[in-house]
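In: following is a predicted model, sequence given first.
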Amino acid sequence: MTRGIKPPPDPILEALRLAATDERIAAEFLEARRWGDQPACPRCGAVAVYSMRSADGERNKDHRWRCRECKRMFTVRTGTVLEESRIPLRHWCHAFWRAVSSKKGVSALQISRECRISYKSALYLMHRIRAAVSDKPGEAAKLSGTVEMDATWVGGKPRYKGISKRGRGTKNAPVFGIVERGGELRLNAVERITSKTLKAAIAASGGVDPTTRLMSDEGTEFIGIGRALAGGHQTVKHKAKEYVRGEVHNNTIEGAFSILQRGVYGTFHSISRKHLPRYLAEFEFRYNTRKLSDSERVGIAIRKAQGKRLLYADQVAGR
């Protein structure tokens with residue numbers, strides 16, 4: 001593109017900006033992202049549906065639909081993380097956009113300010129969006145080719161005032177990361193960094209192809225994992241200040257961890273172990289859609305919201 005010439009505006013982002021200011025436009029925007037040109041009943045799957053309108057032809061304020069097959073009413077919220085939420089749809093549109101387009105994430109406090117809603121409502125809204133973009137069991141594909149594995153520690157407070165403790169031996173939560181070079185990322189909150197817990201995390205997050213070539217540091221927890229892979233296991237010796245040896249490095253996963261750490265400490269400041277998996281799902285989603293435009297990311301996030309729920313009781317349980 002010629003220098004100085006601005007790219008044409010993205011029509012979907014323009015529609016999204018309008019949706020963030022008007023409830024009717026917000027409902028139509030979400031319907032278009034979820035169903036495209038053919039709305040379908042989320043309960044029976046029928047496409048014989050119609051929008052409910054008043055005598056003057058205007059859609060009702062709840063933007064309801066009715067199914068001709070099962071005779072039940074529904075809205076764009078039905079069967080998604082938005083269901084039973086009283087937060088206006090325009091705020092959902094704004095929050096979806098901010099969550100997927102902000103590289104280091106956006107805090108509930110910031111959403112509270114921008115949407116002028118309570119912090120409690122904003123926090124619940126953001127947790128629902130994180131639940132939406134997380135993969136269901138069995139949804140994630142296997143990683144293959146050259147895969148890097150590493151661990152980092154996030155959250156918690158230092159044990160002594162004025163001393164920032166990181167890594168093993170602290171109260172910080174361990175996070176196990178797997179990334180396919182040029183491909184997708186998997187982030188897993190684990191109880192501890194051992195070969196057993198890492199193998200379980202790999203299986204739970206889609207697994208890796210048996211022909212995979214593994215790159216890691218010299219941590220002993222990766223030895224057993226590497227032995228099971230036909231592609232072999234190569235390591236760099238960080239303790240000897242070796243970080244790259246030709247193609248052998250784990251800089252890709254460390255780069256992903258760097259974004260995670262900046263988001264945790266720069267945007268969220270601290271994250272509880274209970275909610276950590278949801279935050280990891282948010283960072284994972286942004287990384288895995290990094291080659292897409294913001295409008296494409298928003299569309300994917302809204303479609304992924306289908307078939308998922310996060311009840312308030314589940315969010316606050318055990319806190």
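Out: Alright, I've got the coordinates.
In: strands of the stretch 201-319 of the chain, residue ranges please.
Out: 213-217, 233-236 (DSSP state E, counting those that start in this stretch).
In: got the contact list for the last one?
Out: Where contact means CB atoms under 8 Å, 6 or more residues apart in numbering, the residues beyond strand 233-236 that reach it are 213-218, 222-223, 225-227, 242-245, 248-250. The way it works is simple: take the backbone N, C-alpha and C, and place the C-beta from them, glycine included.
In: hmm, back to that, so which of the strands of the stretch 201-319 of the chain comes closest to Ala20?
Out: strand 213-217 (42.3 Å; CB to CB).
In: quick one: low-confidence parts of this structure?
Out: Scanning the chain for pLDDT under 70 picks out 1-4, 156-170, 311-319.
In: number of nearby residues for Arg116?
Out: Other residues within reach of Arg116, judged by other CB atoms under 10 Å, total 8.
In: contacting residues for it?
Out: With contacts taken as CB under 8 Å, 6+ apart, Arg116 has no neighbouring residues.
In: thinking again about what came up before, a markdown table for the strands of the stretch 201-319 of the chain, including mean neighbour count and distance to Thr194?
Out: Conversion of those to a markdown table gives the following (neighbours: other CB atoms under 10 Å; distance: least, CB to CB, whole Å):
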| stretch | mean neighbour count | distance to Thr194 |
| --- | --- | --- |
| strand 213-217 | 23 | 14 |
| strand 233-236 | 18 | 17 |
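In: which one, of these, ends up nearest to Cys67?
Out: Of all the strands of the stretch 201-319 of the chain, strand 213-217 sits nearest to Cys67, with 50.2 Å by CB to CB.
In: now for that closest one, which elements pack on it?
Out: strand 146-154, helix 223-227, strand 233-236 (3 or more CB pairs under 8 Å, 6 or more residues apart in numbering; DSSP states H and E).
In: please name the nearest non-neighbouring residue to Thr194.
Out: Taking CB to CB, 6 or more residues apart in numbering as the measure, Thr194 lies nearest to Glu221, with 5.7 Å between them; neighbours along the chain are not counted.
In: for the one you found, grab the count of nearby residues.
Out: Other residues near Glu221 number 18, with proximity taken as other CB under 10 Å.
In: circling back: can you say which of the strands of the stretch 201-319 of the chain is nearest to Val100?
Out: strand 213-217 (28.8 Å).
In: which other residues reach stretch 290-300?
Out: Contacts of stretch 290-300 with the rest of the structure, by CB under 8 Å, 6+ apart, involve 10, 12-13, 16, 33, 96-97, 100-101, 286, 289.
In: this completes my enquiry, with thanks.
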